[in-house]
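Q: heads up, no residue letters with this:
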């Protein structure tokens, strides 16, 4: 089977994987996305307890989260590059082990400076997982249902968030506030490290990457298909630069959208709407479930139409939700009671959460755009630039810009609107076969 790629002067071979190889690749892709989500909640969920143990303010820990977000940008470029030069398998293992060690050492941190250092290590280490997970998956999954499975893989992000909360909640309950979060960190770190080392033995290497490396070493590649020693340069070459920049914008838009809801929803419901903690927790959980469903549905739709149009649809749903919520705020009608399902504000917020469905297609979309020689670099860099900007900078400044928590939440409208505008002009290579020479 051959694959002809727009903009490439030659054809390459699309390699077949065994069912066993596909199962292992899919398993580690799911785990990679799960770790990506787990990392996000390691500061936010036990923040008040970490603050007490380290004797620092909550603002200091928000700063840690921001620095970690910037570190993930560096990690995206570093581990994305390693994924294309050192190989998917070894780079995946290094990334997971780095995250595991960072979590373990974070639980043992005796002061703020040490804790900050471990979170920087975690940010850099996590910088490769998204691009590597979707590169490996896209290269082995040569079926018409790539988008559907990609949405399921991305849904593991929220499974990771829920897992982190569950583990830390368990240890907080058993061991108290100081030792509880520390034990949770250590447990997550040990399990992650073990899985990282296991991937060195069990995770198959990308056959497309191996074939490309053979061509590279044999000197049989045309000049235009030779990867530079620093693949980051390649993703900004004329044939890729528009896609690279647009995917960075779309990734930022998605993180801005999800973080406006994630950072402010609980506070809004607790302090502004005066709901009980049990009711707020239930609403947040329903929001998680709605987001997981949105991820899967967007991936499914992307197989029926195109990746870009599925992303556009998710952005349109989110735009409607944020406009509705903003209108309720402006008119003084934004209210939620204990019977939350009977209030328009609740349904507006669920539509806001639905905008995150764009994430359900973004990983596959980017992996199909970039060729084998720079797929890991392009996907990782684009995703983690968005994460650093949307999840790092936005929460730090949204409240000061908006003035109040409700309007800080509503400020998330920037995300789906940007997604709506830029998705329609982004390049799209839906469902193409992935070859070694592209």
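A: All right, it came through fine. No experiment lies behind these values; they were computed from the predicted model shown.

Q: Leaving out sequence neighbours, find the closest residue to residue 202.
A: residue 24 (5.4 Å; Cβ to Cβ, 6 or more residues apart in numbering). In this view, the C-beta of every residue, glycine as well, is placed from N, C-alpha and C.

Q: if I pick the one you found, what's in contact with it?
A: Under the criterion of Cβ atoms under 8 Å, 6 or more residues apart in numbering, the neighbours of residue 24 are 202-204.

Q: Surely residue 348 touches residue 325?
A: Yes. Using Cβ atoms under 8 Å, residue 348 is in contact with residue 325, at 4.1 Å.

Q: Closest one of the contacts of residue 24 to residue 284?
A: residue 203 (33.8 Å; Cβ to Cβ).

Q: Tell me how far the closest one lies from residue 375.
A: 16 Å (Cβ to Cβ, to the nearest Å).

Q: again, but for residue 67
A: 28 Å.

Q: Neighbour count: those two, which is higher?
A: residue 375 (32 against 15; other Cβ atoms under 10 Å).

Q: Report the secondary structure state of that one.
A: helix (DSSP: H, G, I helix; E, B strand; the rest coil).

Q: residue contacts, it?
A: 83-84, 131, 135, 138-139, 367.

Q: Just among those residues, which is most surrounded?
A: Most surrounded of the contacts of residue 375: other Cβ under 10 Å gives residue 135, at 34 neighbours.

Q: and that residue, that one's in a helix?
A: Yes. Assessed with three-state DSSP, residue 135 lies in a helix.

Q: That one and residue 385, how far apart?
A: Taking Cβ to Cβ, one finds residue 135 at 17 Å from residue 385.

Q: just residue 416 next, same as before
A: For residue 416 relative to residue 385 (Cβ to Cβ), the value is 19 Å.

Q: who's more crowded, these two?
A: residue 416 (31 against 22).

Q: and that one, helix, strand or coil?
A: helix.

Q: pLDDT at it, what is it?
A: Model confidence at residue 416, expressed as pLDDT, equals 95.

Q: For it, list the residues it contacts.
A: Taking Cβ under 8 Å, 6+ apart, one finds 253, 257, 314-319, 321-322, 355, 358 in contact with residue 416.

Q: Then residue 67?
A: 116, 119-120, 123.

Q: Averaged pLDDT, the helix or strand where it lies. What do you get?
A: Per DSSP states H and E: residue 67 is located in helix 58-85. Averaged across helix 58-85, pLDDT comes to 86.

Q: try stretch 372-386
A: 93.

Q: circling back to that earlier point, okay, the contacts of residue 24 in a markdown table with neighbour count and distance to residue 184 next?
A: Shown next, in a markdown table, are the contacts of residue 24 (neighbours: other Cβ atoms under 10 Å; distance: Cβ to Cβ, whole Å):
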| residue | neighbour count | distance to residue 184 |
| --- | --- | --- |
| 202 | 13 | 26 |
| 203 | 23 | 26 |
| 204 | 19 | 32 |
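
Q: So which elements touch the longest helix anywhere in the chain?
A: If you go by DSSP state H, the chain has its longest helix at helix 146-202. Judged by 3 or more Cβ pairs under 8 Å, 6 or more residues apart in numbering; DSSP states H and E, helix 146-202 is in contact with helix 19-44, helix 47-54, helix 88-107, helix 129-140, helix 277-304, helix 359-369.

Q: Of all those helices, which one is nearest residue 182?
A: Using Cβ to Cβ, the nearest of these to residue 182 is helix 88-107, at 4.2 Å.

Q: What residues of the closest one count as buried?
A: By neighbour count, with 16 or more other Cβ atoms under 10 Å as the criterion, the buried positions of helix 88-107 are 88-89, 91-107.

Q: And what about residue 431, helix, strand or coil?
A: Taking three-state DSSP, the label given to residue 431 is coil.

Q: got the phi/psi numbers for it?
A: The phi/psi pair for residue 431 (degrees, to the nearest 10) reads phi 70, psi 10.

Q: per-residue confidence for it?
A: 89.

Q: and it, how many residues sit next to it?
A: 17.

Q: Just want to check the distance between it and residue 170.
A: 42 Å.

Q: What of residue 187?
A: Counting by Cβ to Cβ, the gap from residue 187 to residue 170 is 9 Å.

Q: between the two, who's got more neighbours?
A: Each of residue 187 and residue 170 has its neighbours counted (other Cβ under 10 Å); residue 187 has more, 17 against 14.

Q: hang on, the more buried one packs against residue 171?
A: Yes. Contact criterion Cβ under 8 Å: residue 187 and residue 171 qualify, at 7.0 Å.
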